[in-house]
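**Q** My questions are about this predicted structure, shown below with the sequence.
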Amino acid sequence: MPKKKKTDVKLNWKTAYDLMLEREKIKRIPTGTPIDQLIGGGIEEGSVTEFYGEYGSGKSQILFTLSAYVAGELKEDVVFVDCEDTFKPERIREILERRGYPVEEAMKRIHLLQPITVEELTAIFEQIPKDIKPKLLCIDGVTTLFRAEYIGRETLTERQGILRKFLHDLKVWAKQNKVAVAIANQVYEKADATPFTPLEYRELAVGGHSLYHTVDDRIFIRKAKGGTRIAKLVDSSSHPPAERPFKITEKGVEPLESESESA
């Protein structure tokens with residue numbers, strides 16, 4: 001029996017202790033809300049955090065607030081990918097003004113891409129200008145273009161394959177460049193759900209397992225009484241399931257002033 005040819009691939013071995021020391025150096029981008037309590041203080045650089053929920057639940061507002069914080073407070077670049085044509089510079093300006101950040105200076109650090117095809121979306125990693133060094137990448141409507149271009153069950157396998165490749169490239173790029181990634185996603189109603197099924201398992205994120213296995217932290221956003229929103233950490237490899245309330249104001253996403261607001 002012929003000997004198997006040795007591979008030229010070099011494996012990068014490390015101990016659990018080495019990895020622990022590496023992870024202690026990881027920086028986080030806070031949302032400035034109780035959402036941070038769910039994920040250890042904020043979104044990790046090199047990780048992908050998904051916010052999913054129904055229309056109007058506050059997903060885009062979370063991304064707007066994160067973008068304003070990074071550009072205004074941290075004075076770092078942001079890449080914002082708007083797949084749903086919902087990006088409003090007026091809203092970004094309002095958040096920056098209300099938080100006391102230099103508006104023009106901060107807005108020039110937020111770099112917008114509005115792809116209209118899957119091909120344009122998947123080309124993002126190759127075409128970010130070299131003078132832009134983002135600390136945050138936001139994708140609003142991460143599965144929208146895939147659903148628009150690949151219609152019908154006969155295209156499902158092809159769609160999921162391309163989506164899976166894109167998400168893999170996204171994760172690798174984020175880790176290599178130490179960029180925090182926040183994505184917003186749509187939901188669909190689970191066919192066999194009952195009235196007793198918890199809402200976060202009745203309204204599922206579009207993308208299926210292709211998305212679930214890529215995301216580090218998955219947070220379900222829902223509306224509650226009096227304009228309050230609830231963020232629930234549904235799945236994470238690092239943190240236990242939990243939920244926290246927040247609100248949306250002129251300053252973006254904020255903590256509640258009192259616990260009574262969430263009652």
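**A** That came through fine. Numbering: from 1, shown residues only.
**Q** Ile124 and Asp77, how far apart?
**A** From Ile124 over to Asp77 the distance is 14 Å, taken as C-beta to C-beta, to the nearest Å. For the C-beta atoms, the positions are set from N, CA and C on the backbone; glycine is no exception.
**Q** And those two? Which one has more around it.
**A** For Ile124 versus Asp77, the count of surrounding residues by other C-beta atoms under 10 Å is larger for Asp77: 21 against 18.
**Q** Show me what that one bridges to in the sheet.
**A** Beta-bridge partners of Asp77, counted by DSSP bridges, are Pro134.
**Q** pretty sure it is touching His111, no?
**A** Yes - Asp77 is in contact with His111 according to C-beta atoms under 8 Å; the separation is 6.5 Å.
**Q** list residues touching both of the two?
**A** 132, 134 (C-beta atoms under 8 Å, 6 or more residues apart in numbering).
**Q** which strands and helices sit next to the lowest-mean-pLDDT helix or strand in the chain?
**A** The element with the least model confidence among the helices and strands of the chain, by mean pLDDT, DSSP states H and E, is helix 199-202, at a mean of 72. Using 3 or more C-beta pairs under 8 Å, 6 or more residues apart in numbering; DSSP states H and E as the contact criterion, the elements in contact with helix 199-202 are strand 217-223.
**Q** could I get the strand it packs on in PDB with only the CA atoms?
**A** Included here for strand 217-223 are C-alpha records, laid out as PDB according to Å, rounded to 0.1, in the frame of the first residue of the first chain:
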ATOM      1  CA  ASP A 217     -24.200  35.900  19.700                       C
ATOM      2  CA  ARG A 218     -27.800  35.900  18.500                       C
ATOM      3  CA  ILE A 219     -30.100  38.500  20.100                       C
ATOM      4  CA  PHE A 220     -33.900  38.500  19.500                       C
ATOM      5  CA  ILE A 221     -35.500  42.000  19.700                       C
ATOM      6  CA  ARG A 222     -39.200  42.400  20.400                       C
ATOM      7  CA  LYS A 223     -41.500  45.200  21.200                       C
END
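**Q** which residues touch it?
**A** 35, 38-39, 43, 47-54, 56-59, 62, 199-200, 203, 205, 212, 229-236, 238-239.
**Q** Parallel or antiparallel, list what pairs with that strand.
**A** Sheet pairing for strand 217-223, assigned by DSSP bridges, gives strand 48-52 (parallel), strand 229-236 (antiparallel).
**Q** same question for the longest one, mean pLDDT?
**A** So the one you mean is strand 229-236. Strand 229-236 carries an average pLDDT of 94.
**Q** Determine the longest helix present in this structure.
**A** Among the elements of type helix in the chain, defined by DSSP state H, the one spanning the most residues is helix 156-177.
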